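Participant: my questions concern the predicted model and sequence given below.
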Amino acid sequence: MGCTQKEIEQHKKEMMAIQDSMDVLNGKWKMAIISSICIYNERRFSDILNDVVGISNKMLSKELKDLELNKLINRTVLDTHPITVKYKLTKHGKTLKTIINNLTEWGKQHRKEIIGK
């Protein structure tokens, strides 16, 4: 049985939404960065750098700027010496918490399925 034209158009919209999501969250580091901020509610640059194993200063800076452009995080510069920069999820960014929790659970199940741990 084939799909109706209306169903085909709906599927195309859903695929476009998935692609849009992947474009924003794509890459090796973004979900780990978001997760770090999500777990602690607010993180300094150096905290995120310690949380996300293997990321460089330059890459973290680039990814944070990208997440800020996509309105997922807010960057606050505090008037301290040395300057302190803190990051928090925006209201829009907080909508990713459920996705992060679901990915965490799926990852645990997948690890158990693959390696039995």
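Facilitator: It's in. Keep in mind the model is a prediction, meaning the values are calculated, not measured. Numbers count the residues shown, from 1 in each chain.
Participant: CA atoms for contacts and neighbours, from now on please.
Facilitator: OK.
Participant: checking the residue most central in space within the chain next. Helix, strand or coil?
Facilitator: Nearest to the mean C-alpha position of the chain, by Cα atoms, centre = their mean, lies M31 at 3.3 Å. Look at M31: counting by DSSP: H, G, I helix; E, B strand; the rest coil, its state is helix.
Participant: ok, it touching L25?
Facilitator: Yes: M31 lies in contact with L25 (Cα atoms under 8 Å); the separation is 6.6 Å.
Participant: where does the prediction get shaky in the protein?
Facilitator: Along the chain, segments meeting pLDDT under 70 span 1.
Participant: which stretches in it count as helices?
Facilitator: For the chain, the helices defined by DSSP state H occupy 5-25, 30-40, 45-51, 57-69, 91-94, 97-115.
Participant: got the contact list for the third one?
Facilitator: Spelled out, it's helix 45-51. I33, S36, I37, I55, S56, N57, L60, V85, K86, Y87 (Cα atoms under 8 Å, 6 or more residues apart in numbering).
Participant: need the contact list for the residue nearest to the centre of the chain.
Facilitator: Contacts of M31 (Cα under 8 Å, 6+ apart): L25, I100.
Participant: then K117?
Facilitator: Contacts of K117 by Cα under 8 Å, 6+ apart are R111.
Participant: that one and I48, how far apart?
Facilitator: Distance, K117 to I48, using Cα to Cα, to the nearest Å: 27 Å.
Participant: number of residues surrounding T90?
Facilitator: Using other Cα atoms under 10 Å, T90 has 14 other residues around it.
Participant: what of T98?
Facilitator: The number of residues packed near T98 is 10, by other Cα under 10 Å.
Participant: among the contacts of helix 45-51, name the buried ones.
Facilitator: Listed as buried from these are I33, S36, I37, I55, L60, K86, Y87; burial here means 16 or more other Cα atoms under 10 Å.
Participant: with adjacent residues omitted, what lies nearest to the fifth one?
Facilitator: Looking back up the chat, that one is L60. Using Cα to Cα, 6 or more residues apart in numbering and skipping residues adjacent in sequence, the residue nearest L60 is L49, 7.1 Å away.
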